[in-house]
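**Student:** kindly return the folded structure for what I paste below:
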Amino acid sequence: MNEQYRALVTDQIVNALRQGDHKAYETIFVKYFPKVKYYISGFTRSDVLAEELAQEVFLRLWENHEAVKPAVKSLISYLFTIAYRAAIDWVRGRQVRDSYYNDQSKCQEETTSTEEDYIAQETRLFVEQIVNQMPARQQEIYRMSRHMEMNNDEIAAQLSISKRTVENQLSLAIKRIRNAFYKET
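**Tutor:** Numbers count the residues shown, from 1 in each chain. So this is what the prediction gives:
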């Protein structure tokens, strides 16, 4: 970079930028990029995002370099106006995204929960109908196992039957339920 562009940004450098001078753009970039990035990071709370948005600000500056007014103060105002708008657009977009995702997740949770509850209730009713059709002893053993959460030894002791009989009756009950589900599908 030649000596003319190493100095502070002056009105002369801003005029050179307006003419499309890339070295003038580099000088402005080097001088103001850290300030613009810092300003944007106050909105985003993220250095990475602030850097991306600051790069967009300087891209817009280059794309519209002919429209920049020929004064340093105007350039600074222009840069920070673009930075403010970029940050606010990001914040608004974030709020919209967050709101959308929150609404979607609530809706999905409600739908999933309602559907799951309905399916679970229907399944319980279906199983109960099948159990009601079983022989009395098989019903009793099944309910003791599943509803009262008794193990096979406890059921055998309470009903004064062998553990093997309990196992056989539970196996038959479960097989009957499984077969009923296969017939339904």
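**Student:** all contacts plus neighbour counts: C-alpha atoms, from now on.
**Tutor:** Will do.
**Student:** tell me where this structure has helices.
**Tutor:** 11-18, 22-44, 47-63, 72-132, 136-146, 152-159, 163-184 (DSSP state H).
**Student:** please identify the deepest-packed of the ones you listed.
**Tutor:** helix 11-18 (a mean of 20; mean count of other Cα atoms under 10 Å).
**Student:** now do it: distance to the chain's middle.
**Tutor:** 45 Å (Cα atoms, centre = their mean, to the nearest Å).
**Student:** can you pull the domain assignment for this protein?
**Tutor:** For the chain, the structural domains run 3-99, 133-184, going by automatic domain parsing.
**Student:** and those as TSV, adding mean pLDDT and distance to Phe126?
**Tutor:** Putting the domains of the chain into TSV (pLDDT from 0 to 100; distance: least, Cα to Cα, whole Å) gives the following:
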stretch	mean pLDDT	distance to Phe126
domain 3-99	85	40
domain 133-184	89	9
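**Student:** pipe these into a markdown table and attach distance to Val127 per row.
**Tutor:** Shown next, in a markdown table, are the domains of the chain (distance: least, Cα to Cα, whole Å):
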| stretch | distance to Val127 |
| --- | --- |
| domain 3-99 | 41 |
| domain 133-184 | 7 |
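**Student:** closest one to Ile119 among these?
**Tutor:** domain 133-184 (13.4 Å; Cα to Cα).
**Student:** now the closest one: how far from the chain's centre is it?
**Tutor:** 45 Å.
**Student:** and the gap between Phe33 and Ser74?
**Tutor:** 16 Å (Cα to Cα, to the nearest Å).
**Student:** I meant to write Gln169 there.
**Tutor:** As judged by Cα to Cα, Gln169 and Ser74 stand 89 Å apart.
**Student:** cool, and Arg137?
**Tutor:** 92 Å.
**Student:** Ala120: which of the domains of the chain is closest?
**Tutor:** domain 133-184 (13.7 Å).
**Student:** now Ser160: phi and psi?
**Tutor:** Torsion angles at Ser160 (phi, psi; degrees, to the nearest 10) stand at phi 60, psi 50.
**Student:** oh, I was asking about Pro70
**Tutor:** phi -80, psi 50.
**Student:** please apply the same query to Val9.
**Tutor:** phi -70, psi 130.
**Student:** for it, the count of nearby residues, please.
**Tutor:** A count of nearby residues for Val9, using other Cα atoms under 10 Å, gives 21.
**Student:** who's in contact with it?
**Tutor:** 27-28, 31, 72 (Cα atoms under 8 Å, 6 or more residues apart in numbering).
**Student:** at 10 Å what do you get?
**Tutor:** Residues in contact with Val9 (Cα atoms under 10 Å, 6 or more residues apart in numbering) are 24-25, 27-32, 71-72, 75.
**Student:** then Glu52?
**Tutor:** With Cα under 10 Å, 6+ apart, Glu52 has these contacts: 37, 40, 46.
**Student:** hmm, the first one is touching Lys31, no?
**Tutor:** No - at 11.5 Å, Lys37 does not count as touching Lys31 under the criterion of Cα atoms under 10 Å.
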